[in-house]
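[1] Generate a structure from the sequence data that follows.
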Amino acid sequence: MLPNQYMSIKKRFKGFFKASENLGKAAKIAGPLDDKTAHLIQLGAAAAIRSEGSVHSHTRRALELGAKPDEIYHAIILLTSTIGFPTVSAALSWADDVITEKKK
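    Here you go, the predicted structure:
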């Protein structure tokens, strides 16, 4: 289920939203990385900017593409020396939200 804010933006700003989606698609096909790796990288960026919703989203999508929970956790803890332990801790808790829900 997509967040209400995401759906609101999609509905209210159709042209903007389509352009944003197209940019994301173009970025993904611009290089050799597979989708799982791309989402792990985006997960790291989401953690770095402290975006709980994006951490949830990229955790969910990485799992759907075959990432294991240990890969999710590793992608986040690798950031410790760059973004600091408190931010990593928060990101791990956000990833756990998705991983725990998926296990149910």
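
[2] OK, contacts around the closest residue to P3 other than its chain neighbours?
    Sequence neighbours aside, G53 is the residue nearest to P3 in space, at 5.8 Å (criterion: Cβ to Cβ, 6 or more residues apart in numbering). Heads up, the C-betas are built off the backbone N, CA and C, glycines and all. Contact analysis of G53 by Cβ atoms under 8 Å, 6 or more residues apart in numbering lists 3, 5-6.

[3] Secondary structure element for G53, which one?
    helix 52-64 (DSSP states H and E).

[4] Kindly report the same for A38.
    helix 35-48.

[5] What is the burial count for the nearest residue in space to R50 that is not next to it in sequence?
    Spatial nearest neighbour of R50, excluding adjacent residues (Cβ to Cβ, 6+ apart): T87 at 6.1 Å. Using other Cβ atoms under 10 Å, T87 has 17 other residues around it.

[6] Verify the contact between T87 and A46 for me.
    No. Counting by Cβ atoms under 8 Å, A46 is not a contact partner of T87; they are 10.9 Å apart.

[7] Just the mean pLDDT for the helix holding A38, thanks.
    On average, the pLDDT along helix 35-48 is 97.

[8] for this protein, what's the longest helix?
    helix 85-103 (DSSP state H).

[9] the inter-axis angle of it versus helix 52-64?
    Angle between the axes of helix 85-103 and helix 52-64 is 50 degrees (criterion: axes from the mean of the first three to the mean of the last three Cα atoms, to 10 degrees).
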